[in-house]
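1. with the sequence up front, the predicted model follows.
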Amino acid sequence: MSIVNLTSENFDEVAAKGRVLVDFWASWCMPCKMVAPIIETLADEYGDSIVVAKVDIDLEETLSVRHDVMSIPTVVLFKDGTEVSRLVGVRPKDEYVAMLGN
């Protein structure tokens, strides 16, 4: 399963259906680069049951403001459009897996 790039135009439509794991990141962010392989692995392992997506905060500042993203990386799990869980900073894979158990 591939990772979906979210924008202001498609965010609400994608996040409204089922479980969506969203990684708020930026290309210049070293911790984001550390989390990226974990997010890619989650997309491979859970892509049949959830949508894994990314928001580039430099391109989509309005989305980061709207979702109160104060630092990156921030990974948010949405269920039917509502935030149900959030992890900020670099975390081990098992914390993201536990988050998906919600």
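-> Structure received.
2. name the nearest residue to Asp12, sequence neighbours excluded.
-> What sits nearest to Asp12 in space, not counting adjacent residues and going by CB to CB, 6 or more residues apart in numbering, is Gly81, at 7.2 Å. C-beta coordinates here come from the backbone N, C-alpha and C atoms, glycine included.
3. most centrally placed residue in this protein?
-> In the chain, the residue lying closest to the centroid (CA atoms, centre = their mean) is Val22, at 1.6 Å.
4. please, which helix or strand holds that one?
-> Using DSSP states H and E, Val22 sits within strand 19-25.
5. what's that strand in contact with?
-> The contact list for strand 19-25, computed with CB atoms under 8 Å, 6 or more residues apart in numbering, reads 6, 14-15, 32, 35-36, 39, 42, 46, 49-57, 63-64, 67, 69, 72-79, 96, 99-100.
6. equivalent analysis for stretch 57-64, please.
-> Counting by CB under 8 Å, 6+ apart, 6-8, 11, 24-28, 55, 69, 72 sit against stretch 57-64.
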